[in-house]
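> When you get a sec, could you give me coordinates for this:
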Amino acid sequence: MFSDPQKNLEQFGLAKGARVADLGSGAGHYVLAAARIVGGDGRVFAVDVLKDLLQKIKNEAARSHLVNVETLWGDVERLGGTRLPDASVDAALVCNTLFQLEEKKDFPLEVKRILKPGGRVLVVDWRESFGGMGPQPEHVVAAQAARSLFENAGFSLEKEISAGAHHYGFIFKRGV
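Numbering: from 1, shown residues only. Predicted structure coming up:
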């Protein structure tokens, strides 16, 4: 694997008992790792537009005895599209998602809407297209563009993380 969800989440510093939304959860690597970190008092919401991937996550969570995972079919590109209530999560995960979004402009606003004031978001995405792995070159969202996307929506950069040789990682904080 090019980017290790466990290592990235350790750098993010999720707390036990946290409520976390994984936006564009895909195969669920971050969902399952986050569910183990936040423990039984926490909750991880896997949000994706692909129902078959959500079913896979649900099955894997059950197999792993992770009862704190909830799957939600939703469109993260639309304001209100995640179907999560306003200010309902402590943290959001946006990992290998930006390059897949067609409509990026409303996405950080949806992240901001669901985050509690002072909530944090982990953004990890591809630096480049890598020999058939990862996104097509024209879909790569450069690190500076990702940073601008969130800063223009009122997030402040808390820190950069080391997300692997082919990925960048940022932690942003939502204003109060």
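> hey, where'd the helices end up in the protein?
5-12, 29-38, 51-63, 107-114, 143-151 (DSSP state H).
> what's the most buried one of the ones you listed?
helix 29-38 (a mean of 24; mean count of other Cβ atoms under 10 Å). Glycine gets a C-beta too; all of them are placed from N, C-alpha and C.
> for the protein, which strand is longest?
In the chain, taking DSSP state E as the definition, the longest strand is strand 115-126.
> and Pro135, which of the helices of the chain is closest to it?
Of all those, helix 143-151 sits nearest to Pro135, with 12.8 Å by Cβ to Cβ.
> Contacts only, for Glu151.
Contact analysis of Glu151 by Cβ atoms under 8 Å, 6 or more residues apart in numbering lists Leu157, Phe172.
> Return the helix or strand in this protein with minimum mean pLDDT.
Across the helices and strands of the chain, mean confidence by mean pLDDT, DSSP states H and E is lowest for helix 143-151: a mean of 93.
> Ramachandran angles for the closest residue to Arg83 other than its chain neighbours?
Spatially, and ignoring its direct neighbours in sequence, Arg83 is nearest to Gly74 (4.7 Å; Cβ to Cβ, 6 or more residues apart in numbering). As for Gly74, its main-chain torsions (degrees, to the nearest 10) stand at phi -160, psi 160.
> swap in Gly154?
Here Gly154 shows phi and psi, under degrees, to the nearest 10, equal to phi 100, psi 10.
> Would you check that it makes contact with Lys173?
No - here Gly154 lies out of contact with Lys173, judged by Cβ atoms under 8 Å, at a distance of 10.1 Å.
> who's more crowded, the two?
In this view Gly154 and Lys173 are compared by other Cβ atoms under 10 Å, and Lys173 has more residues nearby, 17 against 12.
> partner residues bridging that one?
Assessed by DSSP bridges, Lys173 has beta-bridge partners Arg120, Ser156.
> how much space between the nearest residue to Lys16 once chain neighbours are set aside and Trp73?
Of all residues not flanking Lys16 in the chain, Gly39 sits nearest, at 4.9 Å (Cβ to Cβ, 6+ apart). Distance of Gly39 to Trp73, computed by Cβ to Cβ, to the nearest Å: 25 Å.
> among the helices of the chain, which is nearest Pro85?
That would be helix 107-114 among the helices of the chain, by Cβ to Cβ, at 7.4 Å.
> okay, the angle between the closest one and strand 115-126?
Counting by axes from the mean of the first three to the mean of the last three Cα atoms, to 10 degrees, helix 107-114 lies at 150 degrees to strand 115-126.
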